[in-house]
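> Got a predicted structure here, sequence first:
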Amino acid sequence: MARKKGGNRNSYTTQQERRELRARELFTDRREERRTLARFFEDIIAEDRQPERPIISFYGIGGVGKSTLVSYVWDEFEKNHPDHDAIYINLDVDSDKAEDISAVQLLWNLRTMIFQATESSLLGFDFVYLKYMEKSNEEVSLDDGPVRHFFESMAKRSGVFGSLFRGLGTMIEILPIGNMMSRALRHMQERERERSLMESMGIDLNSIDQWRAGDIERKLPGLLAEDLGMFLVENNRSFILVLDGYERVSKKTERAIVEGFMASLLLDEEYSKRAGVVLLGRERTNWAAYDDPNDDARWNEHFIDHRHLLGLKEEDVHEYIEAGLKLYQREGNAALGFLLKQHATAIQRACRESTGPDGTQFYHPFYLDICLEALETHTNDFDPAKHIGRTPKELMNRFFRYMDEEELSLHITLAMAVEFDWELVSFLQSKNVIPALTHTEFLQFAAAHSYVLNADKIDTFRFNRLIHESLKTYVYTLAHDQKLALRRSVMAALLLYYDELLPGSSRITELGVRTTMRMYSRANMMLMCTAESDLISLDDAYARSQRWAHRYPDDFYQLRLTWNRKWLKMYAMKYGRKSKKIRIPVEGWMDTVEDMLTRARGMLF
């Protein structure tokens, strides 16, 4: 897949727009699901009715089109209801980090997105969250919109407090909040709304300073639901929450979210008229464990509308191909349209994934997109037998085998990095690991491929899960000499990059706590991916992770413990839980705990 040289930011934007337009025009079928979801949205904003069930759950294999379905229907909904008042939040937790996200982190992510959508106060929740952070000895970033908004609202009430806040300036990233919360507490005690909210939640503002972090943590899910519900009623607004990849969160986090947030928001007679939740995942949602034994109503039977999203049927594939023909015709590319029509049968065959009990054939939309990528890449040289094969497995093998050499090198290297941005790409180019390309060309690469997705941060990317797994498998099955070459180039460069980026505690002030923590997580993701791809042994990968962790003996303990648990899980999967090898990550976990205890003793004595 040769890249075109030159170009500018405008061409990157154009490619992004084309990709989004293409995804919309090629979206097929799902008519029943589209009608169901559209009606769900309409019932939520309607004043005279509400959804029969407050939760709708779409589940099915990865890449089958769940996220696209919701995005498509919401875009249609906004066009049909331009004056709607709904707060729409799409919270994507479908990542390798989701299983370790705590309930507090998930709630704060949700709170931040609500603020971004409304720029409105939820002062009760924000205050108690900050109190939790204070009790946990955690630092808080002023970059978080709700935090800045909270303290700005305090500043308007107090001249002294306002002077202190304004004196911090906009350059400060991390705020020590302990010395500011006492003034915030007095402000909360003066507000009737917040006092009433706290009383309903069993929170005594006069004694909250004596509460432990764990006591506060248990109150946060229900408190966010109550504060949000009051906001919806007070402002006559509606709320739609989409949780994408929901089943990847831990059971502990799920329990807190369901029993605290979901129950308080969706089972309240007043709030439930204004709120609805869409769950997207690979497995059927099962909340039976959270049923109230004293109530006949059951989550699974009475509150969740379960919808199994299967692959496309044969007629849907025909519709997809017809949509592709219209797309190429509109773009004035008759040659591609002719090739698509000529090879339609071969493309359909290569994408057939499964057969239902009644003999119905199902086809995966992701593989259809890959077939079009192959068609557009090879154009007149396109040969179905050579470039896509007869099965999805053959399709992915051929997709990489016949990719342009430079393009394949770029794909493999970025897949091993897991998450990638221009800073990393620039470094890899300086080490002659990947072909030379400009910043604009890198952005064009990201925009041109439907399987390159945005990660957590702007202009940071990752591959679609299916393409990433396929690339890992491709690397794993390479010949010994090919792997050796990758170890000497890609692996060595990635290790050097993170060695330089994670020098130790002395540079935290320069990089910022959040940036350092993000890079530490990215480094561990890279190590795990390369270990799974057989570019580094598991022991060597974990040893490198521990080397980086030991550079921060007094910092981000919780994050280090999280990654220790991930490594422990990886060792257990590879060697078994009874293997002596398990001692390696267990000892690393104990080292982190010892660091925590040493720090605590130093603070006390």
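Done, it's in.

> Over to Arg49: give its phi and psi.
The phi and psi torsions at Arg49 (degrees, to the nearest 10) take the values phi -160, psi 170.

> Neighbours of Leu496, how many?
The number of residues packed around Leu496, counting by other Cβ atoms under 10 Å, is 12. C-beta: built from backbone N, CA, C; applies to glycine.

> where does the protein have low pLDDT?
When the per-residue scores of the chain are filtered using pLDDT under 70, the ranges that remain are 1-29, 94-100, 139-144, 154-180, 456-457, 509, 596-605.

> May I see the domains of it written out as residue ranges?
In terms of domains, the chain is parsed into 30-308, 312-401, 405-557 (source: automatic domain parsing).

> mind checking the end-to-end distance for the second one?
This points to domain 312-401. From its first residue to its last, domain 312-401 covers 27 Å (Cα to Cα, to the nearest Å).

> ok, which stretches of the stretch 251-400 of the chain are helices?
Listed in chain order, the helices of the stretch 251-400 of the chain (DSSP state H, counting those that start in this stretch) span residues 251-256, 263-266, 314-330, 334-342, 344-350, 365-378, 384-387, 392-401.

> for the stretch 51-200 of the chain, same thing?
Along the stretch 51-200 of the chain, counting by DSSP H, counting those that start in this stretch, helices occupy 66-80, 103-118, 123-135, 145-157, 159-168, 181-190, 192-200.

> could I get those as TSV with mean neighbour count and distance to Leu535?
Listed next are the helices of the stretch 51-200 of the chain as TSV, based on neighbours: other Cβ atoms under 10 Å; distance: least, Cβ to Cβ, whole Å:
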stretch	mean neighbour count	distance to Leu535
helix 66-80	17	30
helix 103-118	18	31
helix 123-135	23	39
helix 145-157	18	40
helix 159-168	13	45
helix 181-190	16	48
helix 192-200	15	53
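
> so which of those gets nearest Ala415?
With distances scored as Cβ to Cβ, the stretch of the helices of the stretch 51-200 of the chain nearest to Ala415 is helix 66-80 (20.6 Å).

> what packs against that closest one?
Counting contacts by 3 or more Cβ pairs under 8 Å, 6 or more residues apart in numbering; DSSP states H and E, helix 66-80 is packed against helix 9-26, helix 31-45, strand 55-59, strand 86-92, strand 238-244, strand 275-281.

> Would you mind writing the CA trace of it as PDB?
What follows is helix 66-80 as a C-alpha-only set of coordinates in PDB (Å, rounded to 0.1, in the frame of the first residue of the first chain):
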ATOM      1  CA  LYS A  66     -22.700  -2.400  17.200                       C
ATOM      2  CA  SER A  67     -20.900   0.900  17.600                       C
ATOM      3  CA  THR A  68     -21.600   1.900  14.000                       C
ATOM      4  CA  LEU A  69     -25.300   1.100  14.500                       C
ATOM      5  CA  VAL A  70     -25.600   3.400  17.500                       C
ATOM      6  CA  SER A  71     -23.600   6.200  15.900                       C
ATOM      7  CA  TYR A  72     -25.600   5.900  12.700                       C
ATOM      8  CA  VAL A  73     -29.000   6.000  14.400                       C
ATOM      9  CA  TRP A  74     -28.000   8.900  16.700                       C
ATOM     10  CA  ASP A  75     -26.800  11.000  13.700                       C
ATOM     11  CA  GLU A  76     -30.200  10.300  12.000                       C
ATOM     12  CA  PHE A  77     -32.000  11.100  15.200                       C
ATOM     13  CA  GLU A  78     -30.300  14.500  15.500                       C
ATOM     14  CA  LYS A  79     -31.200  15.400  11.900                       C
ATOM     15  CA  ASN A  80     -34.800  14.500  12.600                       C
END
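
> Now do the same contact list for Tyr129.
Listed by Cβ atoms under 8 Å, 6 or more residues apart in numbering, the contact partners of Tyr129 are Val104, Leu107, Trp108, Arg111, Leu220.

> So Asn236 versus Glu47, what's the distance?
In this structure, Asn236 and Glu47 are separated by 9 Å, where distance is defined by Cβ to Cβ, to the nearest Å.

> Give the buried residues for stretch 299-306.
By 16 or more other Cβ atoms under 10 Å, the buried positions in stretch 299-306 come out as Trp299, Asn300, Phe303, Ile304, Asp305, His306.

> Correct me if wrong: Glu247 contacts Thr285.
Yes. Under the contact definition of Cβ atoms under 8 Å, Glu247 touches Thr285, with a separation of 7.3 Å.

> overlap in contacts of these two?
Counting by Cβ under 8 Å, 6+ apart, the residues touching both Glu247 and Thr285 are Tyr59.

> how about the strands in the stretch 401-550 of the chain?
452-454, 461-463 (DSSP state E, counting those that start in this stretch).

> Just name the most buried of those strands.
Scoring the strands of the stretch 401-550 of the chain by mean neighbour count under mean count of other Cβ atoms under 10 Å gives strand 461-463 as the most buried, with a mean of 22.

> what about the residue nearest to Ser450 when sequence neighbours are not counted, neighbour count?
In space, and not counting its chain neighbours, Ser450 is closest to Asp369: 5.2 Å by Cβ to Cβ, 6 or more residues apart in numbering. Residues within reach of Asp369, counting by other Cβ under 10 Å, total 21.

> Trp589 now?
Counted with other Cβ under 10 Å, Trp589 comes out at 16.

> cool, Glu373 as well?
The number of residues packed near Glu373 is 19, by other Cβ under 10 Å.

> For it, give me its contacts.
With contact set as Cβ under 8 Å, 6+ apart, Glu373 has these partners: Phe399, His449, Ser450.

> All the helices of the stretch 401-550 of the chain, residue numbers only.
Secondary structure of the stretch 401-550 of the chain, counting by DSSP H, counting those that start in this stretch: helices at 405-417, 422-430, 439-448, 465-476, 480-486, 492-501, 508-511, 513-532, 538-550.

> how many other residues sit next to Met230?
The local packing of Met230 (other Cβ under 10 Å) involves 19 other residues.

> That one against Arg193, yeah?
Yes. Taking Cβ under 8 Å as the definition, Met230 is a contact partner of Arg193 at 7.4 Å.

> ok, so what distance separates Glu76 from Arg462?
Per Cβ to Cβ, Glu76 is found 28 Å from Arg462.

> That should have said His81, apologies.
Plainly put, His81 is 33 Å away from Arg462 if you go by Cβ to Cβ.

> With Ala492 instead?
Using Cβ to Cβ, Ala492 is found at 22 Å from Arg462.

> And for Leu339?
As for Leu339, its distance to Arg462 is 31 Å (criterion: Cβ to Cβ).

> pretty sure Ser153 is touching Glu119, no?
No. Judged on Cβ under 8 Å, Ser153 makes no contact with Glu119 at a distance of 11.7 Å.

> What's the local residue count around Tyr451?
Around Tyr451 sit 19 other residues, with neighbours defined as other Cβ under 10 Å.

> Fine by me, we can end here.
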